[in-house]
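Colleague: Model the following, please.
(4 chains)
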2 protein chains.
Amino acid sequence: MTNMTKRPTIRDVAAEAGVSKSLVSLVYSSPKSVSEKRKEKILKAAEKLGYAPNFLARSLAADSGTFIAILVQDLHNPLIAEVADQVRIRLEKAGRFYYITSAMYRNEEGQPFLDKQSLKSIVDLRPESLLVIGSIPKIEILESLPANLPIIVASGATVGINRAISIRTNEEEAMELVVGHLAELGHTHISHIAGVSPVVGKDRESGYVKAMKARGFGKNIEVLQAKSDDENAGYEITKELLKSKNPPTAIACFNDLIAVGAQSAINESKSDISLVGYDNTYLSGLSQIDITTIDPGNREIADISANLIMGENIDNKQLYLSKPKLIIRSSSKKLKKSKYK
Amino acid sequence: MTNMTKRPTIRDVAAEAGVSKSLVSLVYSSPKSVSEKRKEKILKAAEKLGYAPNFLARSLAADSGTFIAILVQDLHNPLIAEVADQVRIRLEKAGRFYYITSAMYRNEEGQPFLDKQSLKSIVDLRPESLLVIGSIPKIEILESLPANLPIIVASGATVGINRAISIRTNEEEAMELVVGHLAELGHTHISHIAGVSPVVGKDRESGYVKAMKARGFGKNIEVLQAKSDDENAGYEITKELLKSKNPPTAIACFNDLIAVGAQSAINESKSDISLVGYDNTYLSGLSQIDITTIDPGNREIADISANLIMGENIDNKQLYLSKPKLIIRSSSKKLKKSKYK
DNA sequence: ATTAAGTTTTGGACCGCTCCAATACGCGGA
DNA sequence: TCCGCGTATTGGAGCGGTCCAAAACTTAAT
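Modeller: Prediction:
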């Protein structure tokens, strides 16, 4: 049976404990400045009445609330979920329980979409800090966020807020690993399917270009632009690619989702093209898929993000890069015969 | 340049427009009771100052805010994301812009986990209604939710709140389709891998049992309990199953994720077992996976959910069931030879 | 012109908490 | 015993809205 009486407030607790409401408030905000005797009495009273501070009133009264807003880029991308979990595990351990998540969603065209109102609502709640997971496209509203709101971007980059602190993989280093690996297997004609994520996409692309040039494959550079960062886009663009006169012998994809789509297209055409993904999501590890990929170092990213959220900007940098690792699976194979020698 | 001055309040607008703050408030809460003349003046003033109502203060002052809280069961399950998107698209169309999402996350053991504080925070915000997507395990806190908070559960079921309205697939009908399909292909020894989701899991299981009995396969009924609802659990339990003396010729899985794990195990053992999933997530549709599955009717579920959220309990029921559809793919195949005749 | 009956508009209390200046307390030293 | 000073506690003003009863203004009828 639901408790029909309304929630007790700070005043109820104060009355019960025989102290002032201010003291009760203090117990919850800076307990060290309250005498042991009273503290105990107050906590007992609170316990008895089932009191818990009201989040809302707290945020309104104080200049800022005591919670963290998490904005998630795409519910469909497993990477995002994985990073989100890692960060939450860490916050939880540190005793930081409060957070509100908001998410972009996909509209009817299947494009990730953030409506301004939803973000506005969240900011109205006055979080201590805003954690963005994934890359968020340029949105005007991001620029008008309160100047004192710390913004941390994990596994992505955001355009339009220069004060944000970002933590992401060293994309160029990662692409160097990818191209290096494929080159070792004998590939010289390696194409890149780029995604649409703003900054990150550019970094991966330029990493690819540099790595290709460094090996003298400059003339084979080919960057294909996917329409979005998911499997459908990967499938479609690869279909196109396979129709071209001179398809590459290997493809380095922007992420695992695109790679999965590309793999479908390749399988269908029964061609033998090596494939590398990015993000090491559980998808790429499924035995049915088994795509070579880049481990983006989510643990490290989550560690740093959690620290930053808790106000510890250890190295006082604005950009942290985690170390990528190549995960080799069966989708990248030695080049057999090739019309390119 | 970020706007350093603080946000204008209702009082600022009132001053600018030369009216009382109450009237400004009215313009936003029940505009019809304000004269055209003043309304126009106020809106112009608001526009000029860049005023937007503060979410927070609104919730605190009123008995309830003007937004919908969405609690998402598992960021890793594509079904959830798909339903969430569908619902949001509908709300958006209806002009309902405000919502706050919260999500369970996975703890270090990989189990979906909802910390009470996080849910409490959300409820503190006093949403108009709470939409739960997916099945939420029994949590004490759910029982103590304010009695006047409407709770709607899409694509799942919740234990501990009897007043919740649920919308889900007709699970028994779906399992009848699954078993019927496999039976048509000649299978008689069909096992079921059950998941851990509370009510829904039981319904699917009983649907399976009924369908088996109806065909005289009662003695072949075998229900395996997966440790969770994901691909790892599916893989492990299937590994076990394959080691048994008399493995089935077909497996009906609780959901697509489990089916994907089962498929891995089956592929590894090179056995030829038919497989059916559930949910018709994009995963099951990937050509690398291509698992026969149940389309749970997400559109219908989302439609009804959106209506309920907006206060229209069309049929005035507490449980709505959507019509499942069988999606046949290559994972379910005609029984060739079998030791069972 | 006066009054009754609407319709708009308004001031003030309040939602539950934080913050701050003011007050009360506690304790060692004169 | 009294004073002084650091620490513990308190009351009141706000945070930005909503809500309601009362005031002000309309309009229609007598």
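Colleague: Can you tell me the number of residues neighbouring the residue of the stretch 51-200 of chain A found nearest DNA strand C?
Modeller: Here the stretch 51-200 of chain A gets closest to DNA strand C at one residue, A:A61, 3.0 Å apart by C-beta to the nearest atom of the strand. C-beta: built from backbone N, CA, C; applies to glycine. Around A:A61 there are 11 other residues, counting by other C-beta atoms under 10 Å in any protein chain shown.
Colleague: Kindly state the pLDDT recorded for it?
Modeller: pLDDT for A:A61: 91.
Colleague: show me where the stretch 201-341 of chain A has strands.
Modeller: In the stretch 201-341 of chain A, strands defined by DSSP state E, counting those that start in this stretch lie at A:222-225, A:250-253, A:274-276, A:293-295, A:319-322, A:325-327, listed in chain order.
Colleague: As JSON lines, the ones you listed with distance to DNA strand D, mean pLDDT and mean neighbour count would be great.
Modeller: Listed next are these as JSON lines, based on distance: least, C-beta to the nearest atom of the strand, whole Å; pLDDT from 0 to 100; neighbours: other C-beta atoms under 10 Å in any protein chain shown:
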{"stretch": "strand A:222-225", "distance to DNA strand D": "43", "mean pLDDT": "97", "mean neighbour count": "16"}
{"stretch": "strand A:250-253", "distance to DNA strand D": "46", "mean pLDDT": "98", "mean neighbour count": "31"}
{"stretch": "strand A:274-276", "distance to DNA strand D": "51", "mean pLDDT": "98", "mean neighbour count": "28"}
{"stretch": "strand A:293-295", "distance to DNA strand D": "45", "mean pLDDT": "98", "mean neighbour count": "26"}
{"stretch": "strand A:319-322", "distance to DNA strand D": "33", "mean pLDDT": "96", "mean neighbour count": "19"}
{"stretch": "strand A:325-327", "distance to DNA strand D": "47", "mean pLDDT": "98", "mean neighbour count": "16"}
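Colleague: Now distance to A:S166 too, for those strands, in JSON lines please.
Modeller: Below are the strands of the stretch 201-341 of chain A laid out as JSON lines (distance: least, C-beta to C-beta, whole Å):
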{"stretch": "strand A:222-225", "distance to A:S166": "23"}
{"stretch": "strand A:250-253", "distance to A:S166": "22"}
{"stretch": "strand A:274-276", "distance to A:S166": "24"}
{"stretch": "strand A:293-295", "distance to A:S166": "18"}
{"stretch": "strand A:319-322", "distance to A:S166": "5"}
{"stretch": "strand A:325-327", "distance to A:S166": "20"}
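Colleague: DNA strand C is nearest to which of the ones you listed?
Modeller: Evaluated with C-beta to the nearest atom of the strand, those place strand A:319-322 nearest to DNA strand C, the distance being 29.7 Å.
Colleague: which helices and strands sit right next to that closest one?
Modeller: Secondary-structure packing of strand A:319-322 (3 or more C-beta pairs under 8 Å, 6 or more residues apart in numbering or on different chains; DSSP states H and E): strand A:165-169, helix A:298-309.
Colleague: can you tell me how far the residue of the stretch 51-200 of chain A closest to DNA strand C sits from B:V153?
Modeller: 34 Å (C-beta to C-beta, to the nearest Å).
Colleague: Then A:V153?
Modeller: To B:V153, A:V153 is 33 Å away according to C-beta to C-beta.
Colleague: now swap in A:L283 and tell me
Modeller: According to C-beta to C-beta, A:L283 stands 28 Å off from B:V153.
Colleague: number of nearby residues for A:S228?
Modeller: By the criterion of other C-beta under 10 Å, A:S228 has 20 neighbours.
Colleague: For it, which residues are in contact?
Modeller: Going by C-beta atoms under 8 Å, 6 or more residues apart in numbering or on different chains, A:S228 touches A:G110, A:Q111, A:P112, A:G195, A:V196.
Colleague: Which ChimeraX command selects the buried ones in the residues you listed?
Modeller: To isolate the buried ones among the contacts of A:S228 in ChimeraX, judged by 16 or more other C-beta atoms under 10 Å in any protein chain shown, type:
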select /A:112,195,196
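Colleague: can you pull out the helices in chain A?
Modeller: Assigned by DSSP state H, chain A shows helices spanning A:10-17, A:21-29, A:36-49, A:55-61, A:78-93, A:116-124, A:140-143, A:171-184, A:198-214, A:231-243, A:256-269, A:282-285, A:298-309.
Colleague: lowest-confidence stretch among those?
Modeller: Taking the mean pLDDT of these, helix A:140-143 comes last: a mean of 70.
Colleague: Give me whichever of the helices of chain A is most buried.
Modeller: helix A:256-269 (a mean of 24; mean count of other C-beta atoms under 10 Å in any protein chain shown).
Colleague: Would you enumerate the residues in contact with whichever residue of the stretch 101-250 of chain A sits closest to DNA strand D?
Modeller: Proximity of the stretch 101-250 of chain A to DNA strand D (C-beta to the nearest atom of the strand) peaks at A:D124, 8.7 Å away. Shown in contact with A:D124 (C-beta under 8 Å, 6+ apart): B:N54, B:F55, B:L56.
Colleague: how about the nearest residue to it, chain neighbours excluded?
Modeller: In space, A:D124 comes closest to B:F55 once its chain neighbours are excluded; the distance is 3.6 Å by C-beta to C-beta, 6 or more residues apart in numbering or on different chains.
Colleague: Thank you kindly, that will do.
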